[in-house]
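[1] sequence unknown, structure follows:
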């Protein structure tokens, strides 16, 4: 796979077919474009290409409303590579790019990247003030000689899948629904840091995740999770919240890893949210909390691993 960031590599020797979009989270709707671009490029002996922005456009337009991340660019590259995409371009969204008209944007892609075909979503918009759309792409087809494929919306529970909808599902604690729309469990990555170490005093030692704060957190509660440590997957119980029973203040992400007794402070893990177990509760003392944790552990022990965690 060729990854294009700042330094443009010469890819004009091939006929390129390009999927366009924000690809924020690479959910099922986005993946329908990916499958199509790979299929069309292979059929025409060309190269499949994904073009997206390195940074969210709102980092330039409206910093106060930048949405929390569902997935970073490194993770996107892993997934796109797994789907056999040939070229990925992460374009910096800057002032110059923001002012590009829809026609200039099409010309930029056709001439700079030798694009022979576009694959877009049904509601795709582009160019200055989002004035470009599917109809505009159709109007330029004969002039520039490219193919155009417009993908229909993908739905889940009779509603269109979108990154906004997935964020709302996570904010509501509906991690199972979010995972189904993403096609993979929602995952946080980070290093394990020292916490208050209260869990180990009651037989439930937890790993405290130092997550990236620009990622969205699921709603406060307790979740069945899978944890990847050194390419091995373990079952876990993850608590998101302030731990009210032990008078916690700060929001933490703490995981009890089943059948695991190794110190992993400072190590990086991937924490994937599979299913919600329960809401966050304040119990009447440590013994009541411990009894509930035993029930949570039983729940996790009887759940299946998610094989889709492996790319």
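    Yep, that arrived. Remember, it's a predicted structure, so these values are computed and weren't measured experimentally.
[2] and stretch 207-221, how far out from the chain's middle?
    Once both centres are worked out by CA atoms, centre = their mean, to the nearest Å, stretch 207-221 turns out to sit 14 Å from its chain's centre.
[3] Ok, stretch 118-138 next?
    Mean C-alpha position of stretch 118-138 versus that of the full chain (CA atoms, centre = their mean) differs by 23 Å.
[4] Report the mean per-residue pLDDT for that stretch.
    Averaging the model's pLDDT scores along stretch 118-138 yields 96.
[5] which of the residues in that stretch are buried?
    Burial within stretch 118-138, assessed by neighbour count using 16 or more other CB atoms under 10 Å, is assigned to 118-121, 124, 126-127, 132-134, 136-137. To be clear about C-beta, it is placed using only N, CA and C from the backbone, and glycine gets the same treatment.
[6] Same question for stretch 218-226.
    For stretch 218-226, a neighbour-count test (16+ other CB under 10 Å) marks 218-219, 221-226 as buried.
[7] neighbouring contacts of that stretch?
    Taking CB atoms under 8 Å, 6 or more residues apart in numbering as the criterion, the residues outside stretch 218-226 that touch it are 170-173, 175, 178, 185-186, 233-242, 251, 255, 271-280, 296, 299-300, 303, 305-306, 309.
[8] Can you select the buried ones from the residues you listed in ChimeraX?
    Selecting only the buried entries of those in ChimeraX, with 16+ other CB under 10 Å as the criterion:
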select :170,173,175,178,185,186,233,234,235,236,237,238,239,240,241,242,255,271,272,273,274,275,276,277,280,296,300,306,309
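[9] For the stretch 151-300 of the chain, just list every one of the helices.
    With DSSP state H, counting those that start in this stretch applied, the stretch 151-300 of the chain shows helices at 163-171, 175-182, 286-301, listed in chain order.
[10] And for the second one, what's in contact with it?
    By CB under 8 Å, 6+ apart, the list of residues contacting helix 175-182 from outside reads 25-28, 70, 156-157, 161, 165-166, 169-170, 185-186, 218, 223, 273-276, 306.
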